[in-house]
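Colleague: Fold the following for me, if possible:
(one chain, ligands or ions: 1)
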Amino acid sequence: MQEFALFGGTPAVTPGSVKTWPPITQEDRDAVNAVFDSNIFHGNSAPNAVALQQEFADFLGAKYCLVTNSGTSALHMAIAALGIGPGDEVIVPAFTYWSTAAAVLHHNAIPVFVDIEDDAFCIDPNKIEAAITERTKAILPVHIHGMPADMDKVMAIAKKHNLFVVGDACQAHGAAVHGKKVGTIEDTTGFSTNRSKNLSSGEGGFFVTNNEEAYQIARRLREFGEVVVAGAEREYNSFGLGWNYRAHEFVNAFCRSQLKHLPENNAKRKEFAEYLTAELANIPGLRGPYTPAGREPVYFSYIVRFCPEELGLDVTMAEYKEAMQKILAAEGIRMGQWQRKPVPAQDVFTKKMGYGKGCPWDCKHYNHEITYRGEDYPVTVNFIASHAYLGGVFPPNDMNLMKTYVEGFKKVTSQPDKIMKVIEEDRKAKA
Ligand SMILES: Cc1ncc(COP(=O)(O)O)c(C=O)c1O
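Modeller: Numbering: from 1, shown residues only. Alright, predicted model coming up:
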């Protein structure tokens, strides 16, 4: 039996061998340098902004796309472009990055949370209808971890109740449902291109829609509420509240260069993920993610479930997960935590810390009392407690690293007595 690295054995993964995301090529560097040479650094009509929008729209098969300076600004535009505003409710999953709900608050609307599915972890369509009121204007599914939400059901509920659907595809560039990419199914959608995302530009995003009116409103919102036409004299007249959500040309050029490799990078993520999931199915103690039929994920992150019962260990989930994260980290296998509580359990919601003075919940347009409590979302709480995120499941890492991960998992789970020893030591330290 190989000794655990935690007890002085050789780590399964050689230190320093896991490469970071995104892969950077000379082509990326040349693209950014060319912006210096062009002497055009900003503006919605700048050449890289215009070309990038078209290229991303083509990638998705969408009619309209606007490049933005973040995913959050794109999501805010996606809410506002549909006329959602003060007093309106938007249904949001309790498990997401809280920016999803912030985008709703940014336009003075009210997030109403719904728990997630217990297998794919997107919004649970079976719980949406109970959250719909006469104030509801939209459902906001999040394609979390690169897994598309159950859009067949979400769209059917929206149609039945005459609601908009706003997509949060910040983690899901290229994810599809029955072959149709997310961003083309919803009324409006926001994507992020921050550093970690499948399509990375460092910091940025996209607003996407097939709706011409929503597109025109979003264009104004992106640029101070003004209508700025390329080549025409600027009117300097704002048609309403707007922001500066413009993206920079360095970022746009970098993003265009990265976009060329998105399909092959997504294919690599899928290959790695499917291999790991197949292997983990035969390794008691750990499980890979589940993919429902018809949903095509792009594996923004690779989630692993901890299963102490499969090793016959009489321990709590928290004890097992903490010990395994420590043991695996010593083996060079990083299993990180992301969210630590449901979004509605965060202070911004439990204490209603919005714009201050009770806004937007006390707004005269919202004659309703809403209370946010994390414990109302048990599936989310359970997901967070029982899962972690395996690092490095993306290129430029390769199948050799995935195979080494699997060897490391086997090494650790085949020695439950040593896992128990770590748990007992932790118990003593905490006593
Ligand atoms: C699900 C989700 N929504 C929204 C965002 C916000 O995107 P950004 O950080 O680009 O504003 C992110 C990324 O951080 C995200 O993962």
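
Colleague: Nearest residue to the closest residue to the ligand within the stretch 51-200 of the chain in space, ignoring adjacent ones along the chain?
Modeller: Per C-beta to the nearest ligand atom, residue 71 is where the stretch 51-200 of the chain lies closest to the ligand, at 2.6 Å. Using the backbone N, CA and C atoms, a C-beta is placed for each residue, glycine as well. Using C-beta to C-beta, 6 or more residues apart in numbering and skipping residues adjacent in sequence, the residue nearest residue 71 is residue 192, 2.5 Å away.

Colleague: so the residue of the stretch 51-200 of the chain closest to the ligand sits right up against residue 196, yeah?
Modeller: No - if you go by C-beta atoms under 8 Å, residue 71 and residue 196 don't touch, sitting 10.9 Å apart.

Colleague: just the helices in this structure please.
Modeller: Here the chain has its helices, by DSSP state H, at 26-38, 47-60, 71-80, 99-106, 151-161, 212-222, 249-259, 262-280, 317-330, 347-350, 378-386, 399-413, 416-430.

Colleague: Show me what the second one is packed against.
Modeller: Using 3 or more C-beta pairs under 8 Å, 6 or more residues apart in numbering; DSSP states H and E as the contact criterion, the neighbours of helix 47-60 among helices and strands are strand 64-68, strand 205-209, helix 249-259.

Colleague: Equivalent analysis for the fourth one, please.
Modeller: Helix 99-106 makes packing contacts with helix 71-80, strand 89-93, strand 110-114 when contacts are defined by 3+ C-beta pairs under 8 Å, 6+ apart.

Colleague: According to the record, where do the domains of the protein fall?
Modeller: Following automatic domain parsing, the chain resolves into domains at 5-10+262-339+382-430, 26-261.

Colleague: do the shortest one and the ligand meet?
Modeller: No - between domain 5-10+262-339+382-430 and the ligand, judged by C-beta under 6 Å from any ligand atom, nothing touches; the nearest distance is 7.8 Å.

Colleague: Give me the distance between the two termini of that domain.
Modeller: End-to-end distance of domain 5-10+262-339+382-430 (C-alpha to C-alpha, to the nearest Å): 23 Å.

Colleague: same question for that domain, mean pLDDT?
Modeller: Averaged over domain 5-10+262-339+382-430, pLDDT sits at 98.

Colleague: about what we covered before: go through the helices and strands packed on helix 47-60 and name the closest to the ligand.
Modeller: Closest approach to the ligand among the helices and strands packed on helix 47-60 (C-beta to the nearest ligand atom): strand 205-209, 5.1 Å.

Colleague: what distance separates that closest one from the centre of its chain?
Modeller: Taking the mean of its C-alpha atoms, strand 205-209 sits 15 Å from the chain's own mean (C-alpha atoms, centre = their mean, to the nearest Å).

Colleague: Now the domains of the chain in JSON lines, please, with extra columns for mean neighbour count.
Modeller: Listed next are the domains of the chain as JSON lines, based on neighbours: other C-beta atoms under 10 Å:
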{"stretch": "domain 5-10+262-339+382-430", "mean neighbour count": "18"}
{"stretch": "domain 26-261", "mean neighbour count": "21"}
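
Colleague: Can you add distance to residue 357 and give those domains back as CSV?
Modeller: Output for those, formatted as CSV (distance: least, C-beta to C-beta, whole Å):
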stretch, distance to residue 357
domain 5-10+262-339+382-430, 29
domain 26-261, 13
